[in-house]
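S.K.: Task: produce atomic coordinates for the following.
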Amino acid sequence: MHFPASLLAGGVFAALFAPPALAEDRPTPAAQQATSAGTGANDGNEILVTARHRAESSQAVPLAISVVGGDHLDNTGAFNVGRLQQLTPTLQFFSSNPRNSAANIRGLGAPFGLTNDGIEQGVGIYVDDVYYSRAASSTFDFLDVQQIEVLRGPQGTLYGKNTTAGAISITSRQPTFNLEGRGEVSVGNYGFKQAKAAISGPLSDTVAARIAVSETSRNGTVWNTKTNIADDTQDNLGLRAQLLWRPSSRVDVTLAGDYNRQNPICCSTVFYAYGVTQRTASRQFPALAAVLGYAPPSTNPYARVTDLDSPQAALNKSGGVSLRVKAQLGDGTLTSITAWRFWDWNPSNDRDYTGLPITTLSQNPSQQNQYTQEVRYSLQKRKYDLQIGVFAFNQAIHTEGTQQQGSAASTYLLSSAQISAACPAGSAAGCSTAILNGLTSNNDIRLNNTSLALYGQATWHVTDRFSIQPGVRLNYDKKKGWYNATVTSGSGQAVYVGAPTSNAAAAATLADQLGVLSPQQFAPRFSAWNFSYDITGTYRFSQDVRFYATYAKSFKSGGINLNGVPADATGAPILDDATVKPESVHHLEAGLKTQFLDRKATLNLAAFRTTIENYQATVNNYQVGAVRGYLANAGKVRTQGFEADASWRPSERFNLYGNGAFTDARYINFTNAPCPPELSGGTLVTGTQSPSGPGVAGGLSPQACNISGQRLPGISKWAYSWGGEYNIPARLLGKDGEVYFGYDGSYRSSFSSNPSPSAYTWVAGYALHNLRAGFRVSHGLDLFAWVRNVANKGYVQQLTVTSGNTGLIVAQLGDPRTFGGTVKVQF
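M.R.: Numbers count the residues shown, from 1 in each chain. Below you'll find the model as predicted:
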C-alpha cells in the first residue's frame, strides 16, 4: 500500500505563506517546556502533556496518565520500556526475546506467551506521533527523549491505531533555532558502557536540525558453562536525525529518520524447578535426565548459571523515516504524519532449554515493512474543542522459520513403546537416535495487514465547570496470511501424513516424526468493520480539583493464527482455529485529580472496570512441534482496580513521589482452556476439570480445563513505585550547584507466568531499590554515582513451561546489582 504525497497537499501547504500568527496564539509543545517531569517528581513547574495532541496541563486531561521526563529516565537508568515499568506500576512488560515482547496496561494488551504476527497489540507505542506496530521496538534504548506519557484505558477515538488497553506516547526532543547540545557517558560493573550525545541548532533562519546518537554495551549476567561465555549481554546502537523547516510562524515541517540495532548474546534461561506432570514417571524430567546422563549446571536459579548448547542470538534492527506537517489552518491545526518503518529480526534460540541436543535449531527470522498515514484536524473554541482524523496502516511481514531436532530427541521425546515399534529387534545400531535426529521443519509465514480508520473526539464546555466529551471511531481491518510448514527427516525425505512406508517399523517411525513436527499449509483470512465510541464527563470543583467519569465501548481487531493450528485425525489443519474473533471491550472509569498545599502536592485517583468478551488468549498444548502455542478466544475476562499517583514538593530542595495500583484481572468464563502442566501429559479422558493440586505421574489428563475465576497471567495484584530526592547548595570544581541524593523503589506482588495458571509457575513478588548521589550545575555539568538493585535481589522476570510435558520449568532472571557512574554535560 502506498500513500501519495497528495494527501499532504491542499490546506496544509495553503497555509505556508499565510500571515504570521501572534506568538501567544501558537500552542507551546510540551517538548519545549522547562520541565523535567518524573512520576510526580517534577521541577515545580506545571507538567504539560500532549496526550490529546495539544499542550495542556496533565491535571486538566480527563484520563489516567503517568508522565516520566527524559531527565528522570536518565537519572534512574530507565532507558527502555522494560525498566520504565519500575516507575509506572500499571505498566507490565514481558520479553523472552525482542520478538516475543509485550507491553500491557492494567493487565491487558497482548496475549501472554509466544508472539503471533496475526494479532494486534492492545497497547499502542507512538514515537513523535508515529505508530510502532512491532513490540520488538519497545526493547530498544530510548533515544533523546523529552518525556514519556503512559495513557491508561482505551484510546481509539484519540489515536490513529486502535488501542484498547492504553498507549505509550514518546516525545523526542525537537530541533531548535538556538544552538544546544548534551552528552552523557556512563560506566559500570559487568563492563557496562553507555554513551549518548545530541546537538541541535539552526542551519538558516527557517531550517533547524537535530542529531542524536546512543550506544550501550554490557557483558552478560548469566554464565554459560557450555560455551564458557556470559549470556544476556547488551549491544545497542541508536541514531536519530531530524530536520525542521519553518517557512512561516504558522507551519512546521519535520523530516525525521532513525536507525536502531541490537546484537546481544540473548536470551538465556536457567533451571528453576521440576513439577510433576501426568506423564509416566519414566518420561518425567528427572528420569529422562538420568537416562541421558545429564544434570543442570545448578538447581539454584540465582547462581546465574546455564548450559544452553544452541547459539544464543537476537539481532534486532529497526528504523524508518517520517514526515510531519503541522499547520495553523483557520482557527485550528491541521497535522499530517506520513511514515515508513522496517523491522529485521535474525535470532537463534535453544528451545529445549537444556544442554542436551534435543532441539538444536529454533529460529524465526522475520522482516517487516510498515506504512502509515494519519491526517487530523483540531480546533479549540471557548464553548467546544474538536478533533477529527483519518488513519491508514499497512504492514507486510515475512518469516522463514527453522526447527531441527538433535541426537537426544528420540530418547527425550519418545516413549520406549514408540522406539520399540520403530526399531524392532534386529534393527541397525543407532536406529532409535535416527528416528528424530535431523528432523527439520521449515516454515514460510506471511502476513499482509491493512487497517483504515475515521475517528473523532469533541468536548462541549456546557458550563465553566462541566464538560462532556464524546468520541467515535469507524474502523476497517483486513488480514491475509499464509502458513506453510514442510518437514524432512534426517535423511532428507519428506515427512507428511500418508507418506509411503515399506513396513510397520517405517510406519511407526513416520508416526513418531509427525508427532513431533508435522507439515501444515493454510491461508487464513479475516476482515471486518467495527464501530466504537466513548463518552467522558468532567466536573471542575475548583481550579485544582477535577472529577471525570468515562464509559467506552471499544474493540480489538480479530486475528489470524500464524504459528500453526491443531490438526484433525487425518493431519489436516482445523481451519476453524485459523482465525480468532474480535474482542468486545466495555470500559468504565472514574477519576479525581487534585492539587493542594499551594500546588506543591498532587494526588490523583482512578478506579476502573473493563470486561472483554471473546478475549484473545494464547493456548498451549505443551507439545514439541510448531503448534505449541496458538490463539483462541476465551469466553470473557474482567480487570478492575484502583490507582493512586501522588507527589509532594515542599521546597526546591526536596521532593517525594509515590504511585500504586491494585489490579484484579481474571478469566470470568473460560471453560475449555488448555490444562496447566500438572494436568497434562497423561492418558486423555473426556470432559473438563478445574486445576487443583500437583500432578500425579501416570495419571489421567482431561481434554480441557475450566479456569474460570483464575487470574490472568503476568499481572500482579499490587504494584508500587516510590522515591524522592534531596539536594543542598554546594560549590565544586569552581562551580555553584547542588549536591543531591536520590532514591527510587518499586514493588510488585506475585503473578502467574503461564496462560493457564499453574501451581508451578507463580513468580514470587519482589521489591527493587535504586540509589544515586551526585553534583549538578543547572543546565551544565552533572556528575553522579548510581546503584541499581541495591540489595542484589534475585528475582524472576518470566517462567516458562518447557515442551514435552516433562515437568521442567525454566526462568529468565532480572538483573543483579549493578553500579557505576555517569557524567552529563549540556549547553
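
S.K.: pLDDT score assigned to residue 39?
M.R.: On the pLDDT scale, residue 39 is placed at 42.

S.K.: Could you do residue 625 as well?
M.R.: At residue 625, the predicted lDDT confidence score is 40.

S.K.: and what of residue 655?
M.R.: Note on residue 655: pLDDT of 94.

S.K.: What separation is there between the residue nearest to it when sequence neighbours are not counted and residue 595?
M.R.: Nearest residue to residue 655 in three dimensions, chain neighbours excluded: residue 649, at 4.2 Å (CB to CB, 6 or more residues apart in numbering). All C-beta spots, glycine's among them, are computed from the backbone N, C-alpha and C. For residue 649, the distance to residue 595 equals 11 Å [CB to CB, to the nearest Å].

S.K.: and for the two, which residues touch both?
M.R.: Residues within reach of residue 649 and of residue 595 at once, by CB atoms under 8 Å, 6 or more residues apart in numbering, are residue 601.

S.K.: Now the longest helix seen in the chain: buried residues?
M.R.: Longest helix of the chain, by residue count under DSSP state H: helix 504-516. Buried residues in helix 504-516, counting neighbours by 16 or more other CB atoms under 10 Å, are found at 505, 508-510, 512-514, 516.

S.K.: Same check on stretch 642-662?
M.R.: By 16+ other CB under 10 Å, the buried positions in stretch 642-662 come out as 643-649, 655-662.

S.K.: Okay, and which of those map to strands?
M.R.: The strands, defined by DSSP state E, take in 643-649, 655-662 from these.

S.K.: farthest pair in the residues you listed?
M.R.: 649 and 662 (25.8 Å; CB to CB).

S.K.: Please look at the residue nearest to residue 655 and residue 600 and confirm they touch.
M.R.: Yes. Between residue 649 and residue 600 there is a contact under CB atoms under 8 Å: 5.2 Å.

S.K.: that older thread, nearest to residue 356 among the ones in strands among the buried residues of stretch 642-662?
M.R.: For these, the nearest to residue 356 is residue 661 (41.6 Å; CB to CB).

S.K.: show me where pLDDT drops low in the stretch 51-200 of the chain?
M.R.: 113-114 (pLDDT under 70).

S.K.: Kindly tell me how buried the closest residue to residue 558 other than its chain neighbours is, as a neighbour count.
M.R.: Distance criterion CB to CB, 6+ apart; nearest residue to residue 558, sequence neighbours excluded, is residue 582 at 4.3 Å. Residues lying near residue 582 (other CB atoms under 10 Å) number 20.

S.K.: ditto for residue 547
M.R.: For residue 547, using other CB under 10 Å, the count is 16.

S.K.: cool, the one 4 residues further on as well?
M.R.: Residue 551 is surrounded by 14 other residues when neighbours are defined as other CB under 10 Å.

S.K.: Quick check, it in contact with residue 534.
M.R.: Yes. Contact criterion CB under 8 Å: residue 551 and residue 534 qualify, at 6.5 Å.

S.K.: Next one: the nearest residue in space to residue 795 that is not next to it in sequence from residue 792, what distance?
M.R.: Excluding its sequence neighbours, the residue lying closest to residue 795 (CB to CB, 6+ apart) is residue 766, at 4.0 Å. Distance check for residue 766 against residue 792: by CB to CB, it reads 12 Å.

S.K.: These two - which one has more neighbours?
M.R.: Remark: of residue 766 and residue 792, residue 766 carries more neighbours, 18 against 11, as counted by other CB under 10 Å.
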